[in-house]
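1. here is my input, please return the structure:
(2 chains)
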Amino acid sequence: MIRFEDVSVTYDGAAGPTVQGIDLTVPEGELVLLVGPSGVGKSTVLGAVSGLVPHFTGGTLRGRVTVAGRDTRTHKPRELADVVGTVGQDPLAHFVTDTVEDELAYGMESLGLGPDVMRRRVEETLDLLGLADLRERPIATLSGGQRQRVAIGSVLTPHPSVLVLDEPTSALDPAAAEEVLAVLQRLVHDLGTTVLMAEHRLERVIQYADQVALLPSPGAPLVPGTPSEIMAVSPVYPPVVALGRLAEWSPLPLTVRDARRRAGALGERLEGVAYEEVNKAEVAAPTPPPPAPRPVQHRSRLFRKRATAIPTPAETAVVAEINNLTVRRGRIEALHDVTLTVAPGETIALMGRNGAGKSTLLSALVGLVEPAAGSVRVGGAVPHRTAPRDLVRRVGLVPQEPRDLLYADTVAAECAAADCDAGAEPGTCRTLVSELLPGIADGTHPRDLSEGQRLALALAVVLTARPPLLLLDEPTRGLDYAAKSRLVTVLRELASQGHAIVLATHDVELAAELSHRVVILADGETVADGPTAEVVVASPSFAPQIAKILAPQKWLTVTQIRAALHATDQEPEK
Amino acid sequence: MSKAQSVRNEQSVRNEQPPRTARRQLRAPVTTRSNALHPGAWWLWALGLGTAASRTTNPLLLALLIGVAGYVVAARRTDAPWSRSYGAFVKLALAVLAVRLVFAVLLGSPVPGTHTLVTLPELPLPHWAQGIRVGGRVTAEGLVFALYDGLKLATLLVCVGAANALANPARLLKSLPGALYEAGVAVVVALTFAPNLIADVQRLRAARRLRGRPDSGMRGLLQVGLPVLEGALERSVALAAAMDARGYGRTAEVAPAVRRTTAALTLGGLVGVCAGTYGLLTAEGGGYGLPVLLAGVGAALAGLWLGGRRSLRTRYRPDVWGVRAWLVAASGAGVAALLILYGSYDPAALHPGVVPLASPTLPLWPAAAILLGLVPSFVAPAPAPALAPVHAPAALRAPKEPS
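-> So this is what the prediction gives:
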C-alpha cells in the first residue's frame, strides 16, 4: 500500500539529508509504528506519505514514494486526499470549520461526494468514534481527547486506505489514549485501513503494531522488522521491554499480559528483597510522612519505616498550602473544594483526565487565577496578590508550552534576562543551562532547540530565582525516553536539594519514577491522595507497566527492580 | 449505529411531543441542524431593522429598535462562541455614542442653539483654520442633536451585532456560489486569526508573570508581540498544510472552451458593471446606464455559474430556506418598508426637531411597524434548553470514565 524506495530528503539550506536510505513496504491493512529518538526525521517520513514533503515543505526528495500506486512525485497532497488521511501533532491546527459535524464533512465536501453518501458516513463515523453526543458542539469547547478523535474522524470520512498519524496519543490522558488506540485497532481489523504512525509513548502503542520501523539515529537507514525483533535493538523502548531485557527473556514480551506470564520466577526472586533498602537508595529526598496512616502490612514496611525514620519536618515547614480552593472559569467550576499541602523536598504528581483541573490548580499556585473561594498560600504569600517579582522567588512554573516563557532570540540573551528578572547574580542562569543542557551554544535561537532542550532552557530560567516550589505542567509531552530520563535525573536532584516539585502529567511512568505522592483529580475535585505506590497500583489506568506486571507486589519502575536484583545478587556474598 | 439512532429517536421524541393544545402545536420547534434557520434570513432581518434605523432620528423609535433586536437575540441565540459577539457589538455601539457626544462638546455643533449649558475656554486658532472651533459654547440643542445622531449609528451597530450572534458566519458561507466557496473559506480562516491572536496574547502575558515581570501594562504587550506573531504564523502554515492534505483546492477537469468562456463572461461582466454604474451616475449617460449595468451583472453571474463547474465541491446538509426563513426575512423587510413609507408621509414624526428643543413623541404607526421585527422570536426555532453537557463542568470532561 505504501512503498518507499531508497528515499532521502534534504531540506533547503540543510547541510545533509534529514533522512536517507528509507526502504519500506507497508502491506494493506497493517499497523506500522515508526519509532526512534526525537530529531531523527520521523515527521519527515510521515510527511512524505501524504506528499506534504516535499510539495508543501520544500526540499528535495530522492527515490520514490508510492501510495496505493500513486507516485507522490506527480501527485500533490490534495490529489492524494482521497487515499491518505493525515493527522498532525496538534489537532487544533487541523480544523477548518467550527463544529464537529461540519469538520467531519469537510474532507468529503472537498472530494465532491454526494450529499447522501456524506450524511451516511458522518453518522457512521460519529458512532465509530463515539462522538454522537458532540455532533453540534463547537470545536473550541472540546477536550484534548475529544479533539484528537474529531481530527481522526475528519480524515476517516473520505474512507482513505492509508492513515498517517503523528503522535496521536502524546497529549492525551491514559483513558483517552486507550480510546483513540481502540478506534485505530478497529479500523485496522474491521475496515482494513493501513496505518502508519509515529509515537514516543511506546508503552501505549507497541502491542498494537504489526510491524515496527526503527530510525536509530539521524541519517541512519530505516530498520523494519517485527515488534519484538526491533525492540531487542531499539534505543527507545517501553518499560515492559526494559524489564524483559533486564530479566533476559526471549522473545521479548511486548504486552503486560505476556510479561505477566513470564514474571513468576522474577516475582519470587523479588519477594524476598528488602524493598525499603532499594527504595531508600533511589528516593534520596527527605521524604515527608504519608498524609494518612497506613494499614500495617508486610509490604508497606517501607512507609512505616520512612514515617518513623524521618521526623516530620513537613508539619513545621510547608511550602504551599491550599485550603478548600474553588476556582471558576466563567460558569464552570474548574476546581471545587480542593485541599492540598506541599512539604519541602516532596514530589507530587497531579493526575487525572484532560480537563480535570490539573493546570488550573498549578495556575492557582502561581496566582494566574483568582480563587472564587478558599485560600492559596505559597511560602506564606497569597499568590494572586503578590507582585510577580516577589513571587518568582517563592514559586516557579514551567508551562505546558515551554516556548511561552522564552522571548529572547538567543539562549544567552534569555539567560541574561532571566538573571535580571530574578535579581540573581549575572551568570546564574547560564550556569544552570550548562548543567542541564551541556553543549548548547550561546547564540542558538530558542526556537531551533528540540522539545527536550527547550524544556531544559525554560526550567533553567525558572530555577534562576531558586524557588522552593517548582511546578511543571505536562513536562514529558514530545520527549523521547532519553530526554525523559535526563529530566528525571535533574528533578530528583532538585528534590534532594529540598525543592518541592508538583507536576501535572498524564505520563504514568514518569509519575511512578519521580513522585512520592500522587493526587488524582476528577472534575475539579480530589478523588485520591496518597503515596504513589498505593494510589497508582489501585488504579488500572494510572498504573505503570511494571506495577501491572508484578501486580501484588508494589514495584513501580525498572530502576527499582534493577536495584533490587542487584541487591539479591550481592546477598549470597555477604 | 444503534447509538446514533437512539440519539436521533430521542430528539424526534423531544420534538414531537403529543400536541395537547393548538398553542403548543404552533410553538417554534427546538433548533437542530436540519431545521436551523437559514443564516441569510437572519441577515436580511437585521439589515431590515438597520435600514429602518437609518431612516429615523427619533430616539424613542431607535430605542424601540434596539429593544426589539435585543429581545430576539436573548430569545433565540445559542451558546456557541460566535453568539458571544453580541456583547462586543453593544459595547462598540456605546463607545460610538460616547465619542459622538465628546466631539460635540469639544468641537461644537453646527446646530444653532440658545440654551447654553457651559462655556468651555476656546482655543484661538490661526486664520487659515477658519470654520474650525475648539471649545466654546456647549448648547443643549447641539448635544441633543449629537445624541440622536450617535444613537442612530449605535442602533445600526446593534442590528449588525444581532445578525452576528444569531447566524453562524461559517454557515452563511455555505450559501456562496461554488466558484467563490474556496475564497470564502480562506476569508473565514483569516477571520479566526484575530480571536486566536487575542488568546495568544493573553496566554503570553500571563506567562510574563512566571518570569517575574508585571503582566499588565503597555510594555508587556509590546514584548510579547514578536512571539505571538511567530506563533500565529506557525499555526497558519500548519493549517495550510492540513487543508492541502484534506483536498482543499481540488479542481475538476473542464474543457478549455468552458474555461475561456468563463473568463470572458466574468471579465466582460465586470467591465459592464463598471460602465453601467458610471453611466447611471453621470448626467450624460442616463440612457445607456441601466441596461449596460444589468447586462454586466447578468454576464458576471453567468461567469460565476460556469466557474462553479470547475469546483468539485459538494455541500453537506446545506441550510434550507423554508417558511420560517421567509417569515423572519419578511419581518425585517417589512419594518424597513413601513418606516420608509411613513417617512415620505410624515417626515417630521421620524425626525423630531432640536431647534427649538422639543421632547420627542412616539408616533404610533412606526412604533407598531417596528414591533413587527419581533416575529422571529416566535417563529424561529428555539435554541435547545440548557442541557447539562453544555453548561456543567462536564463540558470539559472526557466522555468515558476510566474504570
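2. kindly state the domain boundaries assigned to the chain.
-> In the absence of a named chain, this looks at chain A. Domain assignment for chain A, taken from the TED database, gives A:2-234, A:238-272+A:545-573, A:317-544.
3. chain B is the one I meant
-> Chain B breaks down into these domains under automatic domain parsing: B:37-251+B:321-379, B:256-310.
4. wait, which of these is closest to chain A?
-> domain B:37-251+B:321-379 (3.3 Å; Cβ to the nearest Cβ). No exception for glycine: its C-beta is placed from N, CA and C like everyone else's.
5. ok, back up a step: mean pLDDT lowest where, among the domains of chain A?
-> Per-stretch mean pLDDT for these is lowest at domain A:238-272+A:545-573 (a mean of 84).
6. circling back: make JSON lines out of the domains of chain A and add distance to chain B.
-> Shown next, in JSON lines, are those (distance: least, Cβ to the nearest Cβ, whole Å):
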{"stretch": "domain A:2-234", "distance to chain B": "3"}
{"stretch": "domain A:238-272+A:545-573", "distance to chain B": "14"}
{"stretch": "domain A:317-544", "distance to chain B": "3"}
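7. looking at the domains of chain B, which one is packed in the most?
-> Of all those, domain B:37-251+B:321-379 carries the top mean neighbour count, a mean of 18, counting by mean count of other Cβ atoms under 10 Å in any protein chain shown.
8. okay, how far is it across it, tip to tip?
-> This stretch, domain B:37-251+B:321-379, spans 10 Å end to end (Cα to Cα, to the nearest Å).
9. quick one: that domain to chain centroid distance?
-> With Cα atoms, centre = their mean, to the nearest Å as the basis, domain B:37-251+B:321-379 stands 7 Å off its chain's centre.
10. quick one: average pLDDT of that domain?
-> Here the average pLDDT along domain B:37-251+B:321-379 is 86.
11. rebuild the domains of chain A as JSON lines, extending it with mean neighbour count and distance to residue B:140.
-> Below are those laid out as JSON lines (neighbours: other Cβ atoms under 10 Å in any protein chain shown; distance: least, Cβ to Cβ, whole Å):
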{"stretch": "domain A:2-234", "mean neighbour count": "20", "distance to residue B:140": "48"}
{"stretch": "domain A:238-272+A:545-573", "mean neighbour count": "18", "distance to residue B:140": "80"}
{"stretch": "domain A:317-544", "mean neighbour count": "20", "distance to residue B:140": "43"}
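12. so which of the ones you listed gets nearest residue B:204?
-> Between residue B:204 and the domains of chain A, the shortest gap by Cβ to Cβ is with domain A:317-544, which sits at 5.8 Å.
13. start to end distance for that closest one?
-> Terminal residues of domain A:317-544 lie 31 Å apart, using Cα to Cα.
14. just how off-centre is it within its chain?
-> Worked out by Cα atoms, centre = their mean, domain A:317-544 lies 15 Å from the chain centre.
15. same question, stretch A:186-205
-> Taking Cα atoms, centre = their mean, one finds the center of stretch A:186-205 at 18 Å from the center of the full chain.
16. C-alpha coordinates for it, PDB please?
-> As requested, the backbone C-alpha atoms of stretch A:186-205 are provided in PDB (Å, rounded to 0.1, in the frame of the first residue of the first chain):
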ATOM      1  CA  ARG A 186     -10.900  -1.300  15.000                       C
ATOM      2  CA  LEU A 187     -10.100   0.500  11.700                       C
ATOM      3  CA  VAL A 188      -7.200  -1.900  11.000                       C
ATOM      4  CA  HIS A 189      -9.100  -5.000  11.900                       C
ATOM      5  CA  ASP A 190     -12.600  -4.200  10.600                       C
ATOM      6  CA  LEU A 191     -12.000  -1.900   7.600                       C
ATOM      7  CA  GLY A 192      -8.600  -3.000   6.500                       C
ATOM      8  CA  THR A 193      -7.200   0.500   6.800                       C
ATOM      9  CA  THR A 194      -3.400   0.800   6.600                       C
ATOM     10  CA  VAL A 195      -2.000   2.900   9.500                       C
ATOM     11  CA  LEU A 196       1.500   4.400   9.700                       C
ATOM     12  CA  MET A 197       2.100   6.200  13.000                       C
ATOM     13  CA  ALA A 198       4.900   7.700  15.000                       C
ATOM     14  CA  GLU A 199       4.600   7.800  18.800                       C
ATOM     15  CA  HIS A 200       7.000   8.400  21.600                       C
ATOM     16  CA  ARG A 201       4.900   6.700  24.300                       C
ATOM     17  CA  LEU A 202       5.700   3.200  23.100                       C
ATOM     18  CA  GLU A 203       4.200   1.600  26.200                       C
ATOM     19  CA  ARG A 204       0.800   2.700  24.900                       C
ATOM     20  CA  VAL A 205       1.100   1.600  21.300                       C
END
